[in-house]
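K.L.:
model this:
(one chain, ligands or ions: 1)
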Amino acid sequence: MTPQEIRDLHSKYLFPAVVNYYQESLPLVRGKGTSLWDADGREYLDFFGGILTVSLGHCDEEVNGKIKAQVDTLQHTSTLYPTPPIVLLAKRLAEIAPQGSGISQSFFTSSGTEADETAIMLAKIATGQQEVIVQRHSYSGRSHLNTTLTAHANYRPLPSQIAGVKHIHAPYCYRCPFNASPTTCDLECARDMKELIETTTNGRPAAFMAEPIMGVGGFITPHRDYFKVAVEIVRAHGGLFIADEVQTFARTGDTWWGIEQYGVQPDIITTAKGIANGAPMGVTMTRPELAKKWTASTISTFGGNPVSCTAATATLDAIDTRGLLANAAAMGQRLRARLEELQARYPLIGEVRGMGLMQALELVEDRKTKVPAKRAIAALFEEARRRGLLIGKGGLYGNVVRITPPLNVTADEVDRAMTLLDESFAEVTAKVPA
Ligand SMILES: Cc1ncc(COP(=O)(O)O)c(C=O)c1O
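P.N.:
Model (predicted):
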């Protein structure tokens, strides 16, 4: 099919709400490693990885080999029957759960939306309480509950649908909701949890759910002590802490879980995206004493299906045996250094933030006023595409560049991508007046 045929069918047969990047969308037909090819045969360096999902790059031979063998052995059973892939994955997840968390049991679904939905329901069941606290700027997915949890107006097709969801300020240091600066900060955003609970709930929340680094929010990266303070307050009021690791899984450098960077134990973890290198997989993990409180029957037709479980276990094994947690730290450092060099040269870059291979640039028209640079980011995307580099976008104002190559990215690929990004910034700076 030609690119235009693909675009025409997309406009005719898909919901118009399905957002595509770029002025003229980019139909893709093939991927291998860090490369993607469009319908004209043009190659791109993929530094967004299908939204942080192809942890090992596209079409990894080892993972795909195991997927193909599983498809030909046993493709589907539903959760009504135990299979080797579902139990092996659950065991593997228990082995890599944060040490000391006691987390060892999993429930499998097919998406991050379902993983978060399961976690919130579990927290309500386990505590017998109804109210949940999430953060402004967070993203949880697209179900009725999750669009209420999600704190971006443009991802909420309806007003809040579910009662008892409270939104605390985000730990957004670059645009501090308490007007603090790094020198005056007393973690007001975390301490506000007490007043939020005492004034907007019945004082007994079921849970606080948060992303260790806010993904769709534009990689808002909390202060290292944020979770210690916020979670302690939640626990003092009887609530559980859910770490939403849908984006942070294996990406923040040296650890499997983003929350391990903050020295805080979660009660429940959710993950999806990068855990199965592109196969549909959602996971909700917790301690046995919480899991057993869910006494109603539950099934998931596709959750824990043998093919996705095989893909996930193969991805976990590959991350382990190829040393990719360490690579995420090393390549993350290299990437960060290059991004900071760009920031020194382009006033458009207001902030560089993130951890490991989860790095972002917040673009502003002026560093003092911090007005989101919406025109410039649109132009940057076009320039990067023209040069063969794919990057991601995020942030409430859509002015944050998200850079998330596969965990096995090489130094040469990081350097090539940064050269292309540098050229793109140069072009945008010349063309788009601030
Ligand atoms: C932090 C977070 N939680 C949940 C979700 C929902 O995941 P899914 O799109 O797989 O339903 C996302 C998706 O981007 C996410 O970033």
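
K.L.:
first to last residue in stretch 86-105, what's the distance?
P.N.:
Taking CA to CA, to the nearest Å, stretch 86-105 runs 12 Å from one end to the other.

K.L.:
now do that stretch: distance to the chain's middle.
P.N.:
Its chain's C-alpha centre and that of stretch 86-105 lie 20 Å apart, by CA atoms, centre = their mean, to the nearest Å.

K.L.:
hmm, who's touching it?
P.N.:
79, 106, 108, 256-257, 259-260, 265-269, 283, 285-288, 291, 304, 306, 309-310, 312-313, 316-317 (CB atoms under 8 Å, 6 or more residues apart in numbering). (Glycine included, C-beta is placed from N, CA and C.)

K.L.:
now, of these, which are buried?
P.N.:
79, 106, 108, 256-257, 259-260, 265-269, 283, 285-287, 291, 304, 306, 309-310, 312-313, 316 (16 or more other CB atoms under 10 Å).

K.L.:
count residues in the vicinity of the residue nearest to L122 when sequence neighbours are not counted, would you?
P.N.:
Excluding its sequence neighbours, the residue lying closest to L122 (CB to CB, 6 or more residues apart in numbering) is W294, at 5.9 Å. Residues near W294, counting by other CB atoms under 10 Å, number 15.

K.L.:
ok, L396 - contacts?
P.N.:
H137, H152, G217, G218.

K.L.:
what's the residue of the chain found nearest the ligand in contact with, if anything?
P.N.:
Sorted by distance to the ligand under CB to the nearest ligand atom, the residues of the chain start with G112, at 2.3 Å. By CB under 8 Å, 6+ apart, the contact list for G112 reads S140, G141, D244, V246, T270, T271, A272, K273, G282.

K.L.:
count of residues packed around the nearest residue to the third one once chain neighbours are set aside?
P.N.:
For D244, the nearest residue in space outside its immediate sequence neighbours is E211; the separation is 4.7 Å by CB to CB, 6+ apart. For E211, the neighbour count with other CB under 10 Å is 27.

K.L.:
E211 is in contact with Q247, isn't it?
P.N.:
Yes - here E211 reaches Q247: they are 6.5 Å apart, a contact under CB atoms under 8 Å.

K.L.:
just the pLDDT for the one residue sitting closest to the centre of the chain.
P.N.:
Nearest residue to the geometric centre of the chain (CA atoms, centre = their mean): Q247, 2.0 Å. pLDDT recorded at Q247 is 98.

K.L.:
in helices, which of the buried ones among the contacts of stretch 86-105 fall?
P.N.:
In this view, these that belong to helices under DSSP state H are A291, P306, C309, T310, A312, T313, L316.

K.L.:
could I get these as JSON lines with pLDDT and distance to G332?
P.N.:
Converted to JSON lines, these look like this (pLDDT from 0 to 100; distance: CB to CB, whole Å):
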{"residue": "A291", "pLDDT": "98", "distance to G332": "33"}
{"residue": "P306", "pLDDT": "98", "distance to G332": "33"}
{"residue": "C309", "pLDDT": "98", "distance to G332": "28"}
{"residue": "T310", "pLDDT": "98", "distance to G332": "28"}
{"residue": "A312", "pLDDT": "98", "distance to G332": "23"}
{"residue": "T313", "pLDDT": "98", "distance to G332": "25"}
{"residue": "L316", "pLDDT": "98", "distance to G332": "20"}
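
K.L.:
return the member of those residues nearest to F381.
P.N.:
Set against F381, the nearest of these by CB to CB is A312 (31.3 Å).

K.L.:
backbone phi and psi for G65, please?
P.N.:
The phi/psi pair for G65 (degrees, to the nearest 10) reads phi -60, psi -40.

K.L.:
which ones are touching it?
P.N.:
So G65 contacts nothing (CB under 8 Å, 6+ apart).

K.L.:
could you do F302 as well?
P.N.:
F302 touches H76, S78, T109, S110, P280, S308, counting by CB under 8 Å, 6+ apart.

K.L.:
please apply the same query to V264.
P.N.:
V264 touches F227, K228, V231, F241, counting by CB under 8 Å, 6+ apart.
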